[in-house]
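Visitor: please find the sequence and the predicted model below.
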Amino acid sequence: MVTRKVEYWYLFLKVVASSFLLIGVLLLVRWLNSDVKLSKSDFYGDYVINRDFFPGPDAQWQYEHYKFTIRPDDSLFFYVMAGDSIRSVHKGKMIVSNAYASARVTFDMQPPVHHIFTEQPLIVRNRWGFTIVLYSPYYNHMYFEKD
């Protein structure tokens, strides 16, 4: 009789523990898949090529030659580098639309417009940040991340 009560007690504990574990996993999956909402201030900073998307010599070359900065006054400075020196600077402005749940960004560049900024950016969000994807007719998609 005592043995049977102990078996039911252990079964009850296993069911309760399994239920809590399942609920915890479901909450974690829900958190990982939830929308990340960006605000205007999230875009301020320095951006460099993300070499993890397509590692190799091409990504390294792009990393060494292109970077840009978005400042709190919404100005954008795109730098074409030659080693540690700046070869040319292309200026523009960041325009943010708050018509959606998460801020959407577009770039308005001053002429002459560099080929990387001929099309508007795509913002790829994830739980730990975001990537700005710019299209170049010469390099195809370029993935920029905050430095």
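Guide: Perfect, I can see it now. Residues are numbered from 1 along each chain as shown.
Visitor: which residues in this structure form strands?
Guide: Counting by DSSP state E, the chain has strands at residues 45-49, 66-70, 75-82, 85-97, 104-109, 122-126, 129-136, 140-146.
Visitor: which strands or helices does the second one pack on?
Guide: The criterion is 3 or more Cβ pairs under 8 Å, 6 or more residues apart in numbering; DSSP states H and E, and the helices and strands that strand 66-70 contacts are strand 45-49, strand 75-82. For glycine as for every other residue, the C-beta is placed from the backbone atoms N, C-alpha and C.
Visitor: and that strand, which strands flank it?
Guide: According to DSSP bridges, strand 66-70 has the following sheet partners: strand 45-49 (antiparallel), strand 75-82 (antiparallel).
Visitor: dump the ones you listed into TSV; add mean neighbour count and mean pLDDT as well.
Guide: Formatted as TSV, the strands paired with strand 66-70 follow (neighbours: other Cβ atoms under 10 Å; pLDDT from 0 to 100):
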stretch	mean neighbour count	mean pLDDT
strand 45-49	18	96
strand 75-82	16	95
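Visitor: closest to L26 out of those strands?
Guide: strand 45-49 (34.3 Å; Cβ to Cβ).
Visitor: what's next to that closest one, contact-wise?
Guide: Strand 45-49 has contacts (Cβ atoms under 8 Å, 6 or more residues apart in numbering) with 59, 62-63, 66-70, 132, 142-147.
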